[in-house]
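Asks: After the sequence you'll find the predicted model.
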Amino acid sequence: MSEPEQPILARTRVLLAGDPDRFARNVFARMFAMRPSLREFFPAEMGSLRSSFVDVLDHVLEAIEAPDGHGELVEFLAQLGRDHRKYGVVSEHYWLMYEALMSEFQFAFGRRWTPEVEETVGQAMLLTTGVMRGAAESAEGPARWQARVVQKFTITRERAVVRLVATGPRPAFAAGQYLETQIPQWPRTWRNLSPSIPPNPQGELEFHVRAVPGGRVSGSIVRDTAVGDVWTFAQQHGTMHIDPNRPALLIAGGTGLAPLRALLIDLARFAEAPPTHVFYGATHPGELYELGVLQQLAATNPWLRITAVAETTEDPWWLTGATDPRRWGVEMRYGRVGEVAAEYADWSDRQVLLSGPAPMVFHTALRLRAAGVDPAAIQHDPLS
């Protein structure tokens, strides 16, 4: 007795998984053949984009078949549509993508492309492109906005602080959020950066950037960014926030301090704030360059306490001219910032915000959960 055939969308997912890169390559080739000018919207190297494209399709096909969670799927697609405005995508382009997708699915299914398969897959692709198109059309505010670099400070050979001022209208965003960012040295390449100060009427922005090993954009910001450069921004993302009615624990690794710094500065504007303990960590003591700012905040805000954490007790030979963090009179501990924080006290009554490299955030969250912190009380941006 033969086994029953899989549902159509399940078969479609299997087909996608067979050779995802070829499928995505063919879809984009079909779309560019219909409208060659669209090629200018995409980066020269599209490998990672093709991978993300297939991941989205697979997620959509899986979510449509699920018995619930369709509201989350619609919001996911709507956010994608709003995000794609920054590329210059307009309504007509979604119809081109629909045609390219359906043509490639028909080719991939071959003789198994029946009227029933065409209708089921077509409805799924209409949902995907239709929700994205509708969300993009109804989105408020500019799709892109710009700011000019007015100052740049090199902190170490791999870290820099960049300050900018917006040059025109900009959407509202909140302290703790991150912005899709494009720099002139890497057009059509977007990265997420977190402002280290809250938004203000003057349109001032500040970013703390570390040149990630192998990171073309972050490395270019640290090495090549100069006063006068114009950066482009698009959507804001992120939901990290501090509940003013509950004590807070903030743990930051390196330049991951940026969004937490913005939240602290924003919180300092109010007469009352919750008891807040910040653990600020780095590999070497001399990389704790923001301790001066944090100490000044703590000196005028009795609700704020700072603990500095370094993995080593001495700076390496190449870290020259760094200020000894102990001069600020801040409590100093040694070890990995997440481990030090988790062992420091009982944090089970705290809301917890984590920010830093993905491995640090992941392992810190595990340590805190093991120490009794409610996982629902832990906030951090998506790990990538």
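Replies: Received, thanks. Worth saying up front: this structure is predicted, and the values here are computed from it rather than measured.
Asks: Can you tell me how far the residue minimising distance to the centre of the chain is from Pro382?
Replies: What sits nearest the mean C-alpha location of the chain, by Cα atoms, centre = their mean, is Asn192, with 4.8 Å. Using Cβ to Cβ, to the nearest Å, Asn192 is found at 9 Å from Pro382. C-betas here are computed from N, CA, C, even on glycine.
Asks: just Leu127 next, same as before
Replies: Leu127 sits 24 Å away from Pro382, going by Cβ to Cβ.
Asks: packing partners for the longest helix anywhere in the chain?
Replies: The single longest helix within the chain, with elements called by DSSP state H, is helix 115-138. Using 3 or more Cβ pairs under 8 Å, 6 or more residues apart in numbering; DSSP states H and E as the contact test, the elements touching helix 115-138 are helix 8-18, helix 47-65, helix 70-83, helix 91-109.
Asks: Tell me where the protein has strands.
Replies: Taking DSSP state E as the criterion, the chain contains strands spanning 145-156, 159-166, 178-182, 191-193, 204-210, 230-237, 248-253, 276-282, 304-310, 331-334, 351-355, 378-379.
Asks: neighbours of Thr312, just the number please.
Replies: Thr312: 14 surrounding residues under other Cβ atoms under 10 Å.
Asks: got it, and the one 5 residues further on?
Replies: Counted with other Cβ under 10 Å, the burial measure for Trp317 works out to 6 neighbours.
Asks: can you check Val352 too?
Replies: Going by other Cβ under 10 Å, the residues that sit close to Val352 add up to 21.
Asks: Now do the same contact list for it.
Replies: By Cβ atoms under 8 Å, 6 or more residues apart in numbering, the residues touching Val352 are 248-251, 368, 373, 377-379.
Asks: From Asn245, how far off is His84?
Replies: Distance from His84 to Asn245, by Cβ to Cβ: 38 Å.
Asks: do the same with Ala273
Replies: 10 Å.
Asks: Show me which of these two is the more surrounded one.
Replies: Per other Cβ under 10 Å, whichever of Ala273 and Asn245 has more neighbours is Ala273, with 18 against 7.
Asks: All the helices of the stretch 201-350 of the chain, residue numbers only.
Replies: 216-224, 257-267, 291-300, 337-344 (DSSP state H, counting those that start in this stretch).
Asks: any chance of those in CSV, plus mean neighbour count, mean pLDDT and distance to Ala10?
Replies: Formatted as CSV, the helices of the stretch 201-350 of the chain follow (neighbours: other Cβ atoms under 10 Å; pLDDT from 0 to 100; distance: least, Cβ to Cβ, whole Å):
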stretch, mean neighbour count, mean pLDDT, distance to Ala10
helix 216-224, 18, 94, 38
helix 257-267, 24, 96, 40
helix 291-300, 16, 93, 52
helix 337-344, 21, 96, 40
